[in-house]
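Asks: please work out how this folds:
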Amino acid sequence: MASPAATLDTALPCIDCGYDLRGLSTSQTCPECGAAVERSTRGDRLCFANPRWLGKVKWGVELVGVGVALYAALDLLFDAIIMVLIGLSIQQFALWMTLATGMFLIGLWLIAATEPRHATDGWSRTLRLIVRYTVAVQVTILIGFKVLESLGPDMGAPGYTALRAGLNLVLSVAIVATLLILRDLASRMASRALHALALLALALTTLSAILGLVDSALTIRNEEESSLEIVWHFLAAWVTSPVLTILFLSFFLTLHRQHRLARENALAHV
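Replies: Numbers count the residues shown, from 1 in each chain. From the prediction side, this is the model:
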């Protein structure tokens, strides 16, 4: 940590706005946003991060976690007998799936929010752009499909299989990029457990995506359900989804504490 009277002789982005603080004293404030310069010299730990940005990431993580859990629950309930027993109609099921999808995509968008001091960093910027572009593509495809479905003829089984494969691929890319972001955040919290859990989720998501693509390709080629469908569905629904749910909810609980510390550190320099 720099001493109170030290002058910054190297480039250092402001923690709140990203302004280059080089040449300023640590006792001064940022000329762009008014944040204390000393706050930006305290390292890259999340407890010293911009509270507003960290708050967005925290709620994004929770939305994704709840969305994944809801997906997994609905996947288990998608059985005619079970739906009758619990009184869940197809329309209600579709409504809950739409809610889960909305929470999931909004959560991903929030997690990819730009952190002011790392706005121009190549790696983090690339990951954020991948997440946001893939979310935008996902929403566009879903809306376009609904429009075409209401106006045009039936796509047929091969068409639906190809569409599902495309959506799963785009979604998998978004999840992989998000998991890489979370892995980096775990490093900034010095949490080996979350770092290892993020790597496990990354491996499972990648494997599920590959199996899903191979299954779709075989289904389209043979014009019948592939034998790989059961393996892919088991891995995605019974292994990957629970791990993702645990990861995102664990991250939310940890980020809640980090966000509180970040606000306290910010207020201490007002």
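
Asks: check what pLDDT the spatially closest residue to residue 111 that is not a sequence neighbour gets.
Replies: Excluding the flanking residues, the one nearest residue 111 by CB to CB, 6 or more residues apart in numbering is residue 60, at 3.9 Å. Placement of C-beta: from N, CA and C, glycine included. We have a pLDDT of 97 for residue 60.

Asks: cool, and the one 5 residues further on?
Replies: You'll see residue 65 listed with a pLDDT of 93.

Asks: ok, it to residue 244 distance?
Replies: 8 Å (CB to CB, to the nearest Å).

Asks: more neighbours, these two?
Replies: residue 244 (27 against 23; other CB atoms under 10 Å).

Asks: so who does the more buried one touch?
Replies: 65, 68, 175, 201, 204-205 (CB atoms under 8 Å, 6 or more residues apart in numbering).

Asks: which one of those is nearest residue 184?
Replies: The closest of the contacts of residue 244 to residue 184 turns out to be residue 201 (CB to CB; 14.0 Å).

Asks: tell me which element that closest one falls in.
Replies: Using DSSP states H and E, residue 201 sits within helix 192-222.

Asks: over that helix, what's the mean pLDDT, rounded is fine.
Replies: Per-residue scores along helix 192-222 average to 91.

Asks: check stretch 146-160 too.
Replies: Across stretch 146-160, pLDDT averages out at 68.

Asks: for it, how far is the first residue from the last?
Replies: 12 Å (CA to CA, to the nearest Å).

Asks: returning to what we had before: now distance to residue 116 too, for the contacts of residue 244, in CSV please.
Replies: Formatted as CSV, these follow (distance: CB to CB, whole Å):
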residue, distance to residue 116
65, 25
68, 29
175, 25
201, 27
204, 33
205, 29
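
Asks: ok so, going back, and the helix holding residue 201, what does it pack against?
Replies: helix 156-188, helix 228-234, helix 241-267 (3 or more CB pairs under 8 Å, 6 or more residues apart in numbering; DSSP states H and E).

Asks: of all these, which one is nearest residue 74?
Replies: helix 241-267 (10.6 Å).

Asks: and the helix or strand that contains residue 137, what's buried?
Replies: Assigned by DSSP H and E, residue 137 belongs to helix 122-151. Under the neighbour-count criterion of 16 or more other CB atoms under 10 Å, helix 122-151 has 124, 127-128, 130-132, 134-135, 137-138, 145 buried.

Asks: how far out from the middle of the chain is that helix?
Replies: Taking CA atoms, centre = their mean, to the nearest Å, one finds helix 122-151 lying 13 Å from the centre of the chain it belongs to.
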